[in-house]
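Colleague: No letters, just coordinates:
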């Protein structure tokens, strides 16, 4: 798996979940709690921390930016 994808299976899964969460934040009016659950995170804290680490922005900032670009 790592040879083909360049990451471990768990890294691939976290990346996929983050992309799902980002898409939901940008395209729906779901609460951040609902988005984190639908993206497969057990806690909002973990979702928020992972989003911030990946993008440098909070989920609220990402949503606000998406609304500005509509």
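Modeller: It's in. Because the structure is a prediction, the values reported are computed rather than measured. Residues are numbered from 1 along each chain as shown.
Colleague: Okay, helices next: where are they in this structure?
Modeller: Under the criterion DSSP state H, the chain contains helices at 2-5, 9-27, 32-38, 44-55, 59-68.
Colleague: average pLDDT across the longest one?
Modeller: Averaged across helix 9-27, the pLDDT comes to 96.
Colleague: Distance from that helix to the middle of the chain?
Modeller: 5 Å (C-alpha atoms, centre = their mean, to the nearest Å).
Colleague: what do you get for the first one?
Modeller: Mean-position distance between helix 2-5 and its chain equals 22 Å (C-alpha atoms, centre = their mean).
Colleague: Mind giving me the packing neighbours of that helix?
Modeller: Using 3 or more C-beta pairs under 8 Å, 6 or more residues apart in numbering; DSSP states H and E, no helix or strand is in contact with helix 2-5. Yep, even glycine has a C-beta here, placed from its N, CA and C like the rest.
Colleague: change it to 10 Å
Modeller: Applying 3 or more C-beta pairs under 10 Å, 6 or more residues apart in numbering; DSSP states H and E, we find helix 2-5 packed against helix 9-27.
Colleague: What of the third one?
Modeller: Secondary structure elements in contact with helix 32-38, counted by 3+ C-beta pairs under 10 Å, 6+ apart, are helix 9-27, helix 44-55, helix 59-68.
Colleague: Give me the residues contacting the longest one.
Modeller: So that's helix 9-27. By C-beta atoms under 10 Å, 6 or more residues apart in numbering, the list of residues contacting helix 9-27 from outside reads 1-2, 5-8, 30, 32, 34-41, 46-48, 50-51, 53-55, 59-67, 69-70.
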